[in-house]
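Undergrad: Here you go, sequence then predicted model.
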Amino acid sequence: MTKQVFSTTWGGRPLSVEVGQLARQANGAVLVRYGDTVVLTAAVASKQAKDTDFFPLTINYEEKMYAVGKIPGGFIKREGRPSLDATLTARLIDRPIRPMFAEGFRNEIQVTNIVMSVEQDCSPAMAAMFGSSLALAISDIPFDGPIAGVDVGSVDGEYVLNPTIEQQEKTTIELTVAGTKTAINMVESGAKEVSEEDMLGALLFGHEAIKELVAFQEEIVAAVGKEKMEITLLQVDEDLRKEVYAAYYELMKTAVLTEEKLEREDEIDKVKDIVKEAYAEKIAALEGEEATQLTKQIKQLAEDLEKDVVRELITIEKIRPDGRKVDEIRSLASEVGILPRVHGSGLFTRGQTQALSTVTLAPLGEHQIIDGLGIEESKRFIHHYNFPQFSVGSTGRSGAPGRREIGHGALGERAMAQVIPSEEDFPYTIRIVSEVLESNGSSSQASICGGILALMDAGVPIKAPVAGIAMGLVSDGENYTILTDIQGLEDHLGDMDFKVAGTKEGITALQMDIKIQGITEQILREALAQAKQARMEILDELVSTIAAPREELSPYAPKIEMIQIDPEKIKVVIGKGGDTINSIIDETGVKIDIDQDGNVSIASSDADMIKKAIEIIQELVKEVKVGEVYLGKVVRVEKFGAFVNLIKGKDGLVHISQLAHERVNNVEDVVKEGDEILVKVMEIDRQGRVNLSRKAMLDEPKKD
């Protein structure tokens, strides 16, 4: 197929798609050009279904440093494991695409996005999401799309599509929203305490742009799309389904309504085992493929039975597995200061979900360095989330954090970042680590609550407490139920995971994932209102435990002072080859960081040493001014006068005529090298040379 080019505009910038020239052995491939941002996307699928219990979809997002004219850092000088941003972007693309495949589809699919060129005002992430959908849509892979995603900002009260870097600095909302032409199916947002109404408006504004991008993709599919491959979905015999449901529905219902999580899981597993055992003899009488297929069907029916019981209880009878009302939060408990040597700690428990968060404070020089495609080079607030397997009472993988852990950590970081004090007000690098100790739904939101407790315990002057809550949805045709504070079973078998975090004033973070193809404006509106009510209840719990940040930092936290110097004086403080700053550090034992704007951060556990270091630095950068008087030391004598050291690094000249009231024929008749004399600054010329007078400091001679 020869190259074909399709063009439109997107957020006022040119968008074009090239098909047919590159990656031709993939099932579908496109080159997306958005401004000067260029992303190649290729989608491939296995010819046979995998024997798995899940849909094996993998979305990759590969950042190439050449895209921004950089060579990768480190010794190897080659791209290695995905950056944090690349991992989060891959998740961002996966979430709206995954629901767009048929239930029971098990062919392995890999979608690879290679970022080849980046214009900072044209998001490569959004270009990659567009390319991922289009590559699947034009391929023979049975994808029920297209979908599209857009970034939305709010600048001066106006919604902005795909905001520029300049607009991002002013926006009160940072929103990524994705969906189909009929509904929204993914949301990721950070915000500066905005109202539910403003957030809903941004979502609907974004969806209008999504509709246009989907229509553009449909035009391309009509022109170059391939016929979809025939696939085999796991089909369950309906007569067998009726038979199983008639025999075991009530038994499963009793198991599902067991209140305690682990006990409930045991009871549900017992029912599933009973179902499988009931057909074991029949399976044993079959051979080959027939036996295999019946085994799969019985296993699937046991899973479907649990799912359908839970969903019918919630949507029809409005009964939740643990007996709560649909808008009821589980029992809450919180505590601070439980770890004596850390700088701050907070324990938050909601039902059977528990997170222990710690805060570590460090000098600004310990901020995180970012080696990526964006303009951000470092950050001083970090939130990490850990999810050990014991938190759900099981064994499993242990090691480096996976995509889920990275994503949950980033969500919490985004929610809390809005209330972190500025560097000027609180000159510390701040790291929060959340250890999930028990999990039964929405540990990411528990981590936000635990993190806020730890921040206040550490004495970090946050602007306001933040709390998070996870909402769920179970829908069955026209009937739907929105659930507050979903537990693990409701998340696993429900249709939506809608997380909202914020202060009493407004939303600071939002994240939505769904398993159906989209949700309506009405559901969004109801979910936001119900989440706000729950958030207020949790905030009341947090402030009842610790009403405000502690007034003093932990005795184990470093003490940090900030001073401002003239940027032109930075080289004076650093000295040749770092000699001066190293000598200050050696003398005082402090840690010193200086940025290019002249902000100097001095850190130490000893406040007296901080004070001493500040005095040395201030002496180094002190400016000599006309009219000031100094007791200076003579450092050099010439025929025309004497040079006197006023402050470190700054000498002035006392001309021979300014040494005394009477005429002086020989400088050394009055002063010698090493003498200390009182002098006054009379003039500083254009070259910065300082002219001094000793005579001005002497009494006038008495006249006879």
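TA: Yes, it's here. Residues are numbered from 1 along each chain as shown.

Undergrad: Could you pull up the residues touching the residue positioned nearest the centre of the chain?
TA: Compute the mean C-alpha point of the chain, and by CA atoms, centre = their mean the closest residue is Ala410, 3.2 Å away. With CB atoms under 8 Å, 6 or more residues apart in numbering as the criterion, the residues that contact Ala410 are Leu84, Leu88, His383. The C-beta positions use only the backbone N, C-alpha and C, and glycine is treated the same way.

Undergrad: just the buried members of those?
TA: Leu88, His383 (16 or more other CB atoms under 10 Å).

Undergrad: Quick one: which of the contacts of Ala410 has the lowest pLDDT value?
TA: The member of the contacts of Ala410 with the lowest pLDDT is Leu84, at 90.

Undergrad: OK, contacts around the nearest residue to that residue once chain neighbours are set aside?
TA: In space, Leu84 comes closest to Ile406 once its chain neighbours are excluded; the distance is 6.3 Å by CB to CB, 6 or more residues apart in numbering. Ile406 sits next to Leu84, Thr87, Leu88, Arg91, Tyr385 when contact means CB under 8 Å, 6+ apart.

Undergrad: if you average pLDDT over the one helix or strand Ile406 maps to, what comes out?
TA: Secondary structure assignment for Ile406, by DSSP states H and E: helix 403-417. For helix 403-417, mean pLDDT is 94.

Undergrad: Please save the CA atoms from the following helix or strand past it in PDB.
TA: Stepping forward along the backbone from helix 403-417, the first helix or strand reached (DSSP H and E) is strand 429-438. Only the C-alpha atoms of strand 429-438 are listed here, as PDB (Å, rounded to 0.1, in the frame of the first residue of the first chain):
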ATOM      1  CA  THR A 429      12.600  18.300  49.500                       C
ATOM      2  CA  ILE A 430       9.600  16.300  50.800                       C
ATOM      3  CA  ARG A 431       9.200  12.500  50.300                       C
ATOM      4  CA  ILE A 432       6.200  10.500  51.400                       C
ATOM      5  CA  VAL A 433       6.200   6.700  51.300                       C
ATOM      6  CA  SER A 434       2.900   4.900  51.700                       C
ATOM      7  CA  GLU A 435       3.100   1.300  52.900                       C
ATOM      8  CA  VAL A 436      -0.300  -0.400  52.300                       C
ATOM      9  CA  LEU A 437      -0.600  -2.800  55.300                       C
ATOM     10  CA  GLU A 438      -4.100  -4.000  54.500                       C
END
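
Undergrad: so how far is Arg91 from the residue nearest to the centre of the chain?
TA: Between Ala410 and Arg91 the computed distance is 9 Å (CB to CB, to the nearest Å).

Undergrad: And for Glu119?
TA: If you go by CB to CB, the gap between Glu119 and Arg91 works out to 23 Å.

Undergrad: and if you look at Leu84?
TA: Taking CB to CB as the criterion, Leu84 is separated from Arg91 by 11 Å.

Undergrad: Ignoring the adjacent residues along the chain, who's closest to Gly190?
TA: For Gly190, the nearest residue in space outside its immediate sequence neighbours is Arg414; the separation is 4.1 Å by CB to CB, 6+ apart.

Undergrad: now Ser357
TA: Closest residue to Ser357 in three dimensions, ignoring its sequence neighbours and counting by CB to CB, 6+ apart: Gly450, at 3.5 Å.

Undergrad: Lys515 is in contact with Asp491, isn't it?
TA: No: the pair formed by Lys515 and Asp491 falls short of the contact definition of CB atoms under 8 Å, at 10.0 Å.

Undergrad: circling back to that earlier point, quick one: which of the contacts of Ile406 sit in helices?
TA: Residues of the contacts of Ile406 located in helices (DSSP state H): Leu84, Thr87, Leu88, Arg91.

Undergrad: What part of this structure, helix or strand, is modelled with the least confidence?
TA: Between all helices and strands in the chain, the lowest mean by mean pLDDT, DSSP states H and E belongs to strand 368-369, at a mean of 82.

Undergrad: ok, that one: who's next to it in the sheet?
TA: Strand 368-369 pairs in its sheet with strand 378-379 (antiparallel), by DSSP bridges.

Undergrad: Outside of the partner strand itself, list whatever touches it.
TA: Applying CB under 8 Å, 6+ apart, the contact partners of strand 378-379 are His367, Gln368, Ile369, Ile370.

Undergrad: likewise stretch 325-337?
TA: So stretch 325-337 is contacted by 314, 318, 320, 322, 324, 344-353, 449-450, 453-454, 456-457, 469, 481-485, 487, 530, 533-534, 537-538, 541-542, 545-546 (CB under 8 Å, 6+ apart).

Undergrad: and that stretch, what's its mean pLDDT?
TA: Average pLDDT, stretch 325-337: 95.

Undergrad: Wait, Gln389 touches Gly399, no?
TA: No: Gln389 lies out of contact with Gly399 (CB under 8 Å); the separation is 11.1 Å.

Undergrad: out of these two, which sits in the busier spot?
TA: When Gln389 and Gly399 are compared on other CB atoms under 10 Å, the one with more neighbours turns out to be Gln389, at 12 against 5.

Undergrad: can you tell me which residues contact the more buried one?
TA: Taking CB under 8 Å, 6+ apart as the criterion, Gln389 is in contact with Thr395, Gly396, Arg397, Ser398.

Undergrad: Among those, which ones are in helices?
TA: Of the positions in those, not one sits in helices, assigned by DSSP H.

Undergrad: In a markdown table: these, plus distance to Leu233 and pLDDT.
TA: As requested, these are arranged in a markdown table below (distance: CB to CB, whole Å; pLDDT from 0 to 100):
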| residue | distance to Leu233 | pLDDT |
| --- | --- | --- |
| Thr395 | 32 | 87 |
| Gly396 | 29 | 82 |
| Arg397 | 29 | 81 |
| Ser398 | 35 | 82 |
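
Undergrad: quick one: low-confidence ranges for the stretch 351-500 of the chain?
TA: In the predicted model of the stretch 351-500 of the chain, residues 477 satisfy pLDDT under 70.

Undergrad: ranges for the strands of it?
TA: Residue ranges of the strands in the stretch 351-500 of the chain, as given by DSSP state E, counting those that start in this stretch, are 353-362, 368-369, 378-379, 381-386, 429-438, 467-476, 479-484, 496-502.

Undergrad: Pull out the buried residues from the fourth one.
TA: Going back to what we said before, that points to strand 381-386. Neighbour-count burial for strand 381-386, counted by 16+ other CB under 10 Å, picks out Phe381, Ile382, His383, His384, Tyr385, Asn386.

Undergrad: Tell me the bridge partners for the third one.
TA: Judged by DSSP bridges, the bridge partners of His383 are Ile432.

Undergrad: part of a strand, is Val187?
TA: Yes: in this structure, Val187 lies within a strand as judged by DSSP: H, G, I helix; E, B strand; the rest coil.
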